[in-house]
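In: please work out how this folds:
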Amino acid sequence: MIIEWNAHMFSSDTGKYPFHPDAVYHPKTENMVEDPLAVYLERMEEEGIDRAILVHPEPYGDDHSLVLDCQEREPDRVRITSLFYPKDPDAVAKMKDLVVRESKVVATRFHAHRGKEQYLDSFSDTNVVAMWEAAIELGLIVELHIGPDYARQVDAVIADHPETAVLIDHLAEPHKGDPVEFVDVLELARFDHVYVKLSGINHFKDDAPLYESAKPFTRRVVEAFGPERMVWGSGTPSIVDVHMAEYSEEERGFVKGGNLERIIEWQT
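Out: I've put the predicted structure just below:
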């Protein structure tokens, strides 16, 4: 079972799917297509991907219309994540309303790294903690798109809230921090409910498609968290085979989809 947690859907039909007025960025539309799901389904076929978690993109803010429409078209194979603005006093209510209505939402995502401080001031903020606790109540995975500079902050929240899985995106964007800060990321491995995505290597390396130059780094992350707490997303699943060549086929299978199959109740 191969499951990808990463794909972002962007539609050129900005009339039907407008960008949010408070979005932290608006992407260029010239390379977008009207039906991004159709394109992604072709990719799933080419790469042998069985299921996917679509990551709700930031430009749509807390309007989940596009990913919801995609999920409705592929109810058996697709699940989705959510995004809300922690500084919005109605964020918790919006999260609860969405998840109660849409049972295929499996996570909510927080963003915080150097250059992206617009969402929250600190993970100790009352509003952030309230959203985290709402995610636990709703049975959601907490997805953290953080840089190494925020690892120490989330350490404290994770310690106080062991009730739900936490997934750190893109190897914690190592290029957004320094080596000393990245030690704080590795320290999170002591929590057995924290997972790391083997993804986003293209953010700091350019030797596509397998990014073999990053192997000394990815090896250290996998050693810290173990194959039972790594999750693949982005690029080709062969990245797992190359970056975890010393692990067994079964262990690489955990990363390619087995771990997600275990922590997500994939009821069709």
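
In: all contacts plus neighbour counts: C-alpha atoms, from now on.
Out: Will do.

In: tell me, how many neighbours does residue 90 end up with?
Out: Look at residue 90: counted by other CA atoms under 10 Å, it has 12 neighbours.

In: how much space separates it from residue 2?
Out: Distance, residue 90 to residue 2, using CA to CA, to the nearest Å: 36 Å.

In: and what of residue 35?
Out: For residue 35, the distance to residue 2 - CA to CA - is 23 Å.

In: what about these two, which has more around it?
Out: Here residue 35 and residue 2 are compared on neighbour count by other CA under 10 Å; more neighbours surround residue 2, at 20 against 15.

In: quick check: closest non-adjacent residue to the more buried one.
Out: residue 257 (4.6 Å; CA to CA, 6 or more residues apart in numbering).

In: that neighbour: what's it in contact with?
Out: 1, 2, 3, 4, 231, 232 (CA atoms under 8 Å, 6 or more residues apart in numbering).

In: isn't the second one up against residue 45?
Out: Right, residue 2. No: under the criterion of CA atoms under 8 Å, residue 2 makes no contact with residue 45, lying 11.2 Å away.

In: residue ranges of the strands in the stretch 51-200 of the chain, please?
Out: For the stretch 51-200 of the chain, strands defined by DSSP state E, counting those that start in this stretch occupy the ranges 51-54, 78-83, 105-112, 141-146, 166-168, 194-198.

In: ranges for the helices of the protein?
Out: 36-47, 65-73, 91-101, 126-138, 151-160, 179-187, 215-225, 238-243, 249-253, 259-263 (DSSP state H).

In: how about low-confidence regions in the stretch 151-268 of the chain?
Out: 267-268 (pLDDT under 70).

In: separation between residue 123 and residue 153?
Out: From residue 123 to residue 153 the distance is 6 Å (CA to CA).

In: nope, residue 6 is what I meant
Out: 24 Å.

In: among these two, which residue is more densely surrounded?
Out: Taking neighbours as other CA under 10 Å, residue 6 and residue 153 compare with residue 6 leading, 22 against 14.

In: hmm, back to that, show me which of the contacts of residue 257 are buried.
Out: Buried by 16 or more other CA atoms under 10 Å: 2, 3, 4, 231, 232, out of these.

In: just flag the most distant two among those.
Out: 2 and 231 (10.4 Å; CA to CA).

In: mean confidence score for stretch 34-43?
Out: The pLDDT scores in stretch 34-43 average 97.

In: ok, and what's touching it?
Out: By CA under 8 Å, 6+ apart, stretch 34-43 touches 7, 9, 10, 11, 12, 13, 49, 70.

In: which one of those residues has the most neighbours?
Out: residue 10 (24 neighbours).

In: and that residue, what is it in contact with?
Out: So residue 10 contacts 32, 33, 36, 57 (CA under 8 Å, 6+ apart).
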